[in-house]
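In: what would the 3D arrangement of this be:
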Amino acid sequence: MSNLKKAPLRKCVGCGEMKTKKELVRVIKTPENEILIDNTGKKNGRGAYICSSKECLEKAYKSRGLERSLKNAVPSEVYDKLKEEMTEYEQ
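Out: As a prediction, the model looks like this:
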């Protein structure tokens, strides 16, 4: 019997691809309705996963995938902040 664990898969709200949690960036809506990036993956709140590329962020913005997943309207300032933080992830 093998002791290998399955890596948990999550769906990107931008491109719709299933990837491991470590490949994706978690965006959460806190109980105070604040939307931010969860670097640890363990913060409390409703989470949505997105690839760490600007293209997926653009797709999520156009299709409102992030808003649907978080069940809350996401202001454009939050998308701008996410875009800035995505450039940090890409480097």
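In: where does pLDDT dip in the chain?
Out: The chain contains residues with pLDDT under 70 at 1-2, 89-91.
In: let's go with 90 and repeat that
Out: Within the chain, the set of residues satisfying pLDDT under 90 comprises 1-8, 21-25, 27, 33-43, 45, 51-58, 60-61, 66, 70-91.
In: so which residues of it form helices?
Out: Listed in chain order, the helices of the chain (DSSP state H) span 54-63, 65-70, 76-90.
In: now do the longest one against helix 54-63, angle only.
Out: Angle, helix 76-90 to helix 54-63, by axes from the mean of the first three to the mean of the last three C-alpha atoms, to 10 degrees: 160 degrees.
In: please state the offset of helix 76-90 from the chain centre?
Out: 11 Å (C-alpha atoms, centre = their mean, to the nearest Å).
In: which other helices and strands contact that helix?
Out: Other elements packing on helix 76-90 under the criterion 3 or more C-beta pairs under 8 Å, 6 or more residues apart in numbering; DSSP states H and E are strand 24-29, strand 35-38, helix 54-63. The way it works is simple: take the backbone N, C-alpha and C, and place the C-beta from them, glycine included.
In: what's the most buried one of the ones you listed?
Out: Comparing the helices and strands packed on helix 76-90 by mean neighbour count (mean count of other C-beta atoms under 10 Å), strand 24-29 ranks first with a mean of 21.
In: for the residue sitting nearest the centre point of the chain, give the beta-bridge partners.
Out: The chain has Y49 as the residue nearest its centroid, 3.0 Å off, counting by C-alpha atoms, centre = their mean. Taking DSSP bridges as the rule, Y49 bridges to C12, R26.
In: alright, calling it a day.
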